[in-house]
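> Got a predicted structure plus its sequence, pasted below:
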Amino acid sequence: MPDSSIDRNAVGRIKAAAALMLGWLALLWALEAVDSTTGALDTYGLSPRDLGELRDVIPMAFLHHGFDHLMANSVPLLVLGFLAALSGIGRFLRVVLTIMVVGGLGVWLTAADNSVTAGASGVVFGLLGYLLVRGFVNRSMVDIVVGVLVLVMYGSALWGVLPTNPTVSWQGHLFGLIGGVVAAFMFRRPKREIAAGAVGY
């Protein structure tokens with residue numbers, strides 16, 4: 001008979017990952033509702049090469065330029081975030097923080113003058129990069145399969161790292177992707193954890 005404790009752990013991970021991502025999306029939509037009615041959060045978008053703007057490296061990932069912008073990011077953030085969070089909430093939060101910092105600093109250094117960048121797309125690209133390489137870093141067949149499925153679903157989005165649309169922050173996409181790859185190496189799972197099939201929070 002299957003080990004009921006393993007089943008409970010799996011269900012617990014699924015519930016925790018789902019709750020985290022649904023809560024995150026709810027927060028993003030609430031923030032956009034506030035901003036669309038008051039404009040009070042616009043100042044937290046990121047402008048490049050201004051030392052005072054470094055404080056906005058993290059907040060900019062929670063803001064959007066309108067509901068259409070937020071809608072475009074919501075589904076991929078939910079799907080990719082859920083898949084990444086299944087490996088443990090603690091590790092997931094460290095991965096996302098790394099993506100935000102690397103992506104935000106990249107935007108701050110390279111974005112066009114007088115631009116204001118905001119949005120979760122850098123995190124989306126970061127999670128995409130993380131999931132694509134995580135399996136090879138961890139030498140985990142399950143994670144490799146997940147990465148292949150993610151590539152099939154969202155691989156075409158990788159074109160977004162190229163400067164093809166002046167209204168889209170390709171810098172955020174590119175450096176977010178780099179942040180995700182960096183995070184995969186920084187937070188690789190210990191060999192003993194992979195061998196045991198364990199997932200830590």
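Cool, got the structure.
> Low-confidence stretches in this protein?
Applying pLDDT under 70 to the chain picks out residues 1-6, 191-201.
> hang on, Leu128 packs against Gly160?
No: counting by CB atoms under 8 Å, Leu128 does not reach Gly160; the two are 9.7 Å apart. No exception for glycine: its C-beta is placed from N, CA and C like everyone else's.
> who has more neighbours, the two?
Leu128 (27 against 20; other CB atoms under 10 Å).
> what's the distance between the more buried one and Ser47?
With distances taken as CB to CB, to the nearest Å, Leu128 is found 26 Å from Ser47.
> wait, what's in contact with the residue nearest the centre of the chain?
Among the residues of the chain, the one closest to the centroid is Val123, at 3.0 Å (CA atoms, centre = their mean). Applying CB atoms under 8 Å, 6 or more residues apart in numbering, we find Val123 in contact with 61, 77, 81, 96, 99-100, 103, 176.
> and if you look at Asp35?
Asp35 touches 41-42, 63-64, counting by CB under 8 Å, 6+ apart.
> Could I get the buried residue list for the helix or strand hosting it?
Per DSSP states H and E: Asp35 is located in helix 4-38. Residues 13, 16-17, 20-21, 24-25, 28, 31-32, 35 are the ones in helix 4-38 that count as buried (16 or more other CB atoms under 10 Å).
> Is it possible to get JSON lines of those that adds distance to Gly119?
Converted to JSON lines, the buried residues of helix 4-38 look like this (distance: CB to CB, whole Å):
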{"residue": "Arg13", "distance to Gly119": "28"}
{"residue": "Ala16", "distance to Gly119": "26"}
{"residue": "Ala17", "distance to Gly119": "22"}
{"residue": "Leu20", "distance to Gly119": "20"}
{"residue": "Met21", "distance to Gly119": "17"}
{"residue": "Trp24", "distance to Gly119": "14"}
{"residue": "Leu25", "distance to Gly119": "14"}
{"residue": "Leu28", "distance to Gly119": "10"}
{"residue": "Leu31", "distance to Gly119": "12"}
{"residue": "Glu32", "distance to Gly119": "10"}
{"residue": "Asp35", "distance to Gly119": "12"}
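> Quick check: the two most widely separated of those residues?
The distance between the two most remote of the buried residues of helix 4-38 (CB to CB) is 33.0 Å, for Arg13 and Asp35.
> returning to that earlier point: okay if I get the contacts of Val123 as JSON lines plus distance to Phe185?
Below are those laid out as JSON lines (distance: CB to CB, whole Å):
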{"residue": "Ala61", "distance to Phe185": "21"}
{"residue": "Leu77", "distance to Phe185": "22"}
{"residue": "Gly81", "distance to Phe185": "20"}
{"residue": "Val96", "distance to Phe185": "16"}
{"residue": "Ile99", "distance to Phe185": "13"}
{"residue": "Met100", "distance to Phe185": "17"}
{"residue": "Gly103", "distance to Phe185": "16"}
{"residue": "Gly176", "distance to Phe185": "16"}
